[in-house]
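Student: Based on what follows, work out the 3D shape:
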Amino acid sequence: MKLLPIMLLALPFMAQADIFKVVDANGNITYTNTQVKGAQRVIVDETPGGSVNPSPRRASAGGAPAATPASFPKVETETQKRRDATRFQILTEELNDENRMLDDARKQLTSIASQKASPDQLASAQNKVTLHEKNIEALKKELAGVKQY
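Tutor: The predicted structure is shown next:
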């Protein structure tokens, strides 16, 4: 039992691993825990709240967002509008499907309850209703975040 506290103290040191960044001839970036020829060691910020890959839009000291690097991929406005419209359409179709499945699940729950089914069957039917309700709530949140033009 005396060994357990010592093992727990050693755990953070055992979990630490070096991370390396490799860029191939085509410019593809790969991260690995194995050092290979040409790899660069990645410095990991281990302070509380630190990160491995800081966001490119991290705020600067003045509070303003940092400039986007020139190599950051850009999407044309019309292309993004089409993507957003497609996303909105897909989410709307999923919401309609979930609403239909919720109606079916509620009908099934009512039927099972009227037949005085076993508690397991009743719980299973109620879980299906709850699942569809949660899915609908999540889809509505997603739809609220889709940019409309």
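Student: and residue 39, what is it in contact with?
Tutor: 20-22, 32 (CB atoms under 8 Å, 6 or more residues apart in numbering). No exception for glycine: its C-beta is placed from N, CA and C like everyone else's.
Student: Look up how far residue 30 lies from it.
Tutor: 9 Å (CB to CB, to the nearest Å).
Student: Residue 146 falls within a helix, correct?
Tutor: No: counting by DSSP: H, G, I helix; E, B strand; the rest coil, residue 146 is not part of a helix but coil.
Student: Distance from the chain centre to the lengthiest helix in the chain, please.
Tutor: Counting by DSSP state H, the longest helix found in the chain is helix 77-114. Remark: helix 77-114 is offset 20 Å from the chain centroid, using CA atoms, centre = their mean, to the nearest Å.
Student: in the protein, which helix or strand is least confident?
Tutor: helix 3-15 (a mean of 56; mean pLDDT, DSSP states H and E).
Student: Following element in sequence after that one, please.
Tutor: Remark: after helix 3-15, the chain's next helix or strand is strand 19-23, criterion DSSP states H and E.
Student: ok, back up a step: columns neighbour count and pLDDT on top of the contacts of residue 39, output as a markdown table?
Tutor: Conversion of the contacts of residue 39 to a markdown table gives the following (neighbours: other CB atoms under 10 Å; pLDDT from 0 to 100):
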| residue | neighbour count | pLDDT |
| --- | --- | --- |
| 20 | 16 | 80 |
| 21 | 13 | 85 |
| 22 | 16 | 84 |
| 32 | 13 | 83 |
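Student: Break the protein down into its structural domains.
Tutor: 13-42, 77-144 (automatic domain parsing).
Student: Comparing the ones you listed, which yields the minimum mean pLDDT?
Tutor: Note on the domains of the chain: lowest mean pLDDT is at domain 13-42, with a mean of 78.
Student: in that domain, what counts as buried?
Tutor: 19-20, 22, 39 (16 or more other CB atoms under 10 Å).
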